[in-house]
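Peer 1: Below are the sequence and a predicted model; questions follow.
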Amino acid sequence: METGERKSWQHRLHEIIYESETTAGKIFDIALLILIVTSIIVVMLDSISKWRLAYGHLFNELEWAFTTVFTIDIC
(Lines give C-alpha, C1' and ligand atoms only; values in the text may rest on other atoms or scores of the structure.)
Protein backbone atom coordinates (compact mmCIF):
# COMPACT_ATOMS: atom_id res chain seq x y z
CA MET A 1 0.00 0.00 0.00
CA GLU A 2 2.92 2.33 0.65
CA THR A 3 3.98 2.13 -2.99
CA GLY A 4 0.52 3.32 -4.11
CA GLU A 5 0.63 6.17 -1.61
CA ARG A 6 4.09 7.15 -2.79
CA LYS A 7 3.00 7.21 -6.44
CA SER A 8 0.03 9.34 -5.47
CA TRP A 9 2.27 11.77 -3.58
CA GLN A 10 4.80 11.89 -6.42
CA HIS A 11 2.05 12.33 -8.99
CA ARG A 12 0.53 15.20 -6.98
CA LEU A 13 3.91 16.89 -6.62
CA HIS A 14 4.52 16.47 -10.35
CA GLU A 15 1.16 18.10 -11.08
CA ILE A 16 1.91 21.06 -8.83
CA ILE A 17 5.37 21.70 -10.27
CA TYR A 18 4.89 20.88 -13.95
CA GLU A 19 1.18 21.39 -14.65
CA SER A 20 0.10 25.02 -14.66
CA GLU A 21 -3.56 24.17 -15.30
CA THR A 22 -4.20 23.30 -11.65
CA THR A 23 -4.76 25.92 -8.95
CA ALA A 24 -1.80 24.60 -6.96
CA GLY A 25 0.33 24.66 -10.12
CA LYS A 26 -0.59 28.29 -10.79
CA ILE A 27 0.19 29.26 -7.20
CA PHE A 28 3.53 27.45 -7.45
CA ASP A 29 4.39 29.26 -10.70
CA ILE A 30 3.49 32.67 -9.26
CA ALA A 31 5.47 31.99 -6.07
CA LEU A 32 8.47 30.90 -8.14
CA LEU A 33 8.29 34.06 -10.27
CA ILE A 34 8.10 36.21 -7.13
CA LEU A 35 11.17 34.42 -5.74
CA ILE A 36 13.07 34.96 -8.99
CA VAL A 37 12.26 38.68 -9.11
CA THR A 38 13.07 39.08 -5.42
CA SER A 39 16.37 37.28 -5.94
CA ILE A 40 17.27 39.64 -8.78
CA ILE A 41 16.39 42.67 -6.65
CA VAL A 42 18.58 41.38 -3.80
CA VAL A 43 21.53 40.90 -6.18
CA MET A 44 21.00 44.40 -7.59
CA LEU A 45 20.87 45.98 -4.13
CA ASP A 46 23.95 44.02 -3.09
CA SER A 47 25.85 45.59 -5.97
CA ILE A 48 25.41 49.06 -4.41
CA SER A 49 28.29 49.51 -1.97
CA LYS A 50 26.26 51.68 0.45
CA TRP A 51 23.58 49.00 0.70
CA ARG A 52 26.15 46.19 0.86
CA LEU A 53 27.82 47.84 3.85
CA ALA A 54 24.51 48.22 5.66
CA TYR A 55 22.80 44.95 4.67
CA GLY A 56 25.54 42.74 3.21
CA HIS A 57 25.07 39.96 5.75
CA LEU A 58 21.30 39.86 5.13
CA PHE A 59 21.81 39.88 1.34
CA ASN A 60 24.25 36.99 1.62
CA GLU A 61 21.80 34.93 3.69
CA LEU A 62 18.96 35.70 1.28
CA GLU A 63 21.08 34.72 -1.72
CA TRP A 64 21.89 31.38 -0.07
CA ALA A 65 18.21 30.85 0.74
CA PHE A 66 17.23 31.56 -2.87
CA THR A 67 19.95 29.24 -4.14
CA THR A 68 18.69 26.46 -1.88
CA VAL A 69 15.07 26.92 -2.99
CA PHE A 70 16.04 27.01 -6.68
CA THR A 71 18.20 23.91 -6.26
CA ILE A 72 15.33 22.02 -4.62
CA ASP A 73 13.04 23.13 -7.44
CA ILE A 74 15.43 21.67 -10.04
CA CYS A 75 15.53 18.28 -8.33
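Peer 2: Cool, got the structure.
Peer 1: Any idea how many residues pack against Thr67?
Peer 2: For Thr67, the number of neighbouring residues by other CB atoms under 10 Å comes to 11. C-beta: built from backbone N, CA, C; applies to glycine.
Peer 1: Just the local confidence number for it, please.
Peer 2: You'll see Thr67 listed with a pLDDT of 93.
Peer 1: three-state assignment of Phe59?
Peer 2: Recorded secondary structure, Phe59: helix (DSSP: H, G, I helix; E, B strand; the rest coil).
Peer 1: Would you confirm that it contacts Ile41?
Peer 2: No: Phe59 is beyond contact range of Ile41, at 10.2 Å (criterion: CB atoms under 8 Å).
Peer 1: quick one, which of these two is more surrounded?
Peer 2: Between Phe59 and Ile41, counted using other CB under 10 Å, the more crowded position is Phe59 (17 against 11).
Peer 1: Now do the same contact list for the more buried one.
Peer 2: Taking CB atoms under 8 Å, 6 or more residues apart in numbering, we find Phe59 in contact with Val42, Leu45, Asp46, Trp51, Arg52.
Peer 1: any chance of those residues in JSON lines, plus secondary structure?
Peer 2: Listed next are the contacts of Phe59 as JSON lines, based on three-state DSSP:
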{"residue": "Val42", "secondary structure": "helix"}
{"residue": "Leu45", "secondary structure": "helix"}
{"residue": "Asp46", "secondary structure": "helix"}
{"residue": "Trp51", "secondary structure": "helix"}
{"residue": "Arg52", "secondary structure": "helix"}
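Peer 1: Just the buried residues of those residues.
Peer 2: By neighbour count, with 16 or more other CB atoms under 10 Å, the contacts of Phe59 hold Val42, Leu45, Asp46 as buried.
Peer 1: which one among those gets closest to Glu19?
Peer 2: Out of the buried ones among the contacts of Phe59, the one with the shortest distance to Glu19 is Val42. That distance is 29.2 Å, counting by CB to CB.
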